[in-house]
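**Q** how would this look folded up:
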Amino acid sequence: TLDPDLARRMEPRAPRPEKRLAAIRALTAAGVPAMVLVAPLIPGLNDHEIETVLTRAREAGASEAGGVLLRLPHELADLMRDWFSEHFPDRARRTFSLLAQSRGGKVYDAAYGRRFTGTGPYADLLDQRMRVAMSRLGYPPERVRLRTDLFRVPVRVGGQYSLF
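**A** Numbers count the residues shown, from 1 in each chain. The predicted model follows:
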């Protein structure tokens, strides 16, 4: 999210949205590629920000992007319901309904290939919005493959590996 109030409620100890964008700017200015992950996409809470987040991140220098639909494995569903009750009681029902619609009637589906994106009309809409915005902004459609041939096992110095 780029909304500082929502960000504070969701991740009270994490850097503010503008600080995250500043980090992308600093990294890319130093030649370090940066990726933005629009996550978690929370139905009815921050899903309206997809295009804005992608745009601002691209302007800051992000070269790749991706998105993840809210995942609620194990006891996280109950924790999230409590969080919604405290912060957004008027939105909880809609959020959990859209999650269930995207996960075959459950709020979480652990199946490989579906757990990050979901299925069905709402999940397809999020995916389409991500793809269209990414294309319009010039993000590559596929992740850039990292060169692993340059990896060298670090030299062990004393009890730990050397960084340089």
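**Q** where does the protein have low pLDDT?
**A** Applying pLDDT under 70 to the chain flags no residue at all.
**Q** Mind checking which residue lies nearest the centre of it?
**A** With distances taken as CA atoms, centre = their mean, residue 39 lies nearest the centre of the chain, 2.1 Å away.
**Q** For the residue lying closest to that residue once chain neighbours are set aside, which residues are in contact?
**A** Leaving aside its sequence neighbours, residue 39 sits nearest to residue 68 (CB to CB, 6 or more residues apart in numbering; 3.8 Å). Every residue, glycine included, has its C-beta placed from N, CA and C. By CB atoms under 8 Å, 6 or more residues apart in numbering, the residues touching residue 68 are 37, 38, 39, 40, 41, 116, 117.
**Q** If we use 10 Å, what do you get?
**A** Listed by CB atoms under 10 Å, 6 or more residues apart in numbering, the contact partners of residue 68 are 37, 38, 39, 40, 41, 115, 116, 117, 118, 126.
**Q** for the lengthiest helix in the chain, packing partners?
**A** In the chain, taking DSSP state H as the definition, the longest helix is helix 121-137. Here helix 121-137 touches strand 35-41, helix 50-60, strand 64-69, helix 92-101, going by 3 or more CB pairs under 10 Å, 6 or more residues apart in numbering; DSSP states H and E.
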